[in-house]
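Engineer: Please find the sequence and the predicted model below.
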Amino acid sequence: MARPSKPIISKELAVRAALEVVDDAGIEGLTVQMVARKLGVKAPSLYYHFKGKAEMLEEIARMIQVEAVIPNMHQHGNWREQLIELAVAVRASILRHPRAAPLLLQFFPRHLMLKYYDFWANRYDVPAERKMVLIEGVEKLTYGSALIGAMSRATGIAPMPEFDKSEYPYLAEAVNANPMTDDQAFVESLKTFLYAF
């Protein structure tokens, strides 16, 4: 279908509406018609901004990434603690949209993060050959934690399943001795990783 010559709605408004549909109905429930209905327009109006559903899904993944409430980052201060704040903000943004989180696996918007990678690589006080280990490690810890948490929220299945404690005594001991929430454990994992450098 041809795109209209003028937009009736903004692209950001359309993406936000699409994200709301995914939050309510899941990725499989998203249709251009549902988004149009939510906006009070006809479906062809959305084709000004999107070629189709796949492009809309990609934009939703981008929005989840950029809507993270990021603390004021500056060149001064402890870069490790500031990076932890940033990772917590990104994880929180993903967890706000658990049904949309799988889109980050399909449409991971790494190209949006290049300037941030460059910013942080300049701040790291580690040898150049270790900087990619830091970038990769923080990314994997953040997105891994967020996606597991999101899937747990979306499905209602606990991240750690019930298990027979006599069959797995060492795991039972670790679980029973853990005083932390998921959020606290995430921060502690990041600290352990970052301060190892």
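Structural biologist: Received it, and whenever you're ready, just let me know what you need.
Engineer: residue at max distance from the center of the protein?
Structural biologist: Largest separation from the mean C-alpha position in the chain: residue 166, at 36.4 Å (CA atoms, centre = their mean).
Engineer: Let's verify that residue: helix, strand, or coil?
Structural biologist: Counting by DSSP: H, G, I helix; E, B strand; the rest coil, the backbone at residue 166 sits in coil.
Engineer: From residue 125, how far off is it?
Structural biologist: Using CB to CB, to the nearest Å, residue 166 is found at 48 Å from residue 125. C-beta coordinates here come from the backbone N, C-alpha and C atoms, glycine included.
Engineer: likewise residue 45?
Structural biologist: As judged by CB to CB, residue 45 and residue 125 stand 51 Å apart.
Engineer: which of the two has more neighbours?
Structural biologist: Set residue 45 next to residue 125 and count neighbours by other CB atoms under 10 Å: residue 45 wins out with 20 against 7.
Engineer: Can you give me the pLDDT of the more buried one?
Structural biologist: With respect to pLDDT, residue 45 scores 85.
Engineer: ok, for it, nearest residue in space, not its chain neighbours?
Structural biologist: residue 8 (4.5 Å; CB to CB, 6 or more residues apart in numbering).
Engineer: again with residue 130
Structural biologist: Per CB to CB, 6+ apart, closest to residue 130 is residue 197, 6.3 Å.
Engineer: now swap in residue 13 and tell me
Structural biologist: Nearest one to residue 13, counting by CB to CB, 6+ apart, is residue 39 at 6.8 Å.
Engineer: one step back: the residue nearest to residue 130: how many residues sit nearby?
Structural biologist: Residues lying near residue 197 (other CB under 10 Å) number 14.
Engineer: Pretty sure it sits against residue 134.
Structural biologist: Yes - Residue 197 lies in contact with residue 134 (CB atoms under 8 Å); the separation is 6.6 Å.
Engineer: Identify the contacts common to those two.
Structural biologist: Common contact partners of residue 197 and residue 134 (CB atoms under 8 Å, 6 or more residues apart in numbering): 124, 126.
Engineer: Longest helix in this protein, please.
Structural biologist: The longest helix of the chain (DSSP state H) is helix 128-155.
Engineer: secondary structure element for residue 23?
Structural biologist: Using DSSP states H and E, residue 23 sits within helix 11-25.
Engineer: mind listing what the residue nearest to residue 19 when sequence neighbours are not counted touches?
Structural biologist: Nearest non-adjacent residue to residue 19, counting by CB to CB, 6+ apart: residue 60, 5.1 Å away. By CB under 8 Å, 6+ apart, residue 60 lies in contact with 15, 18-19, 22, 100, 103.
Engineer: so which of these comes closest to residue 129?
Structural biologist: Residue 129 lies nearest to residue 103 out of those, by CB to CB, at 33.2 Å.
Engineer: Just the strands from this structure, written as ranges.
Structural biologist: Here the chain has no strands by DSSP state E.
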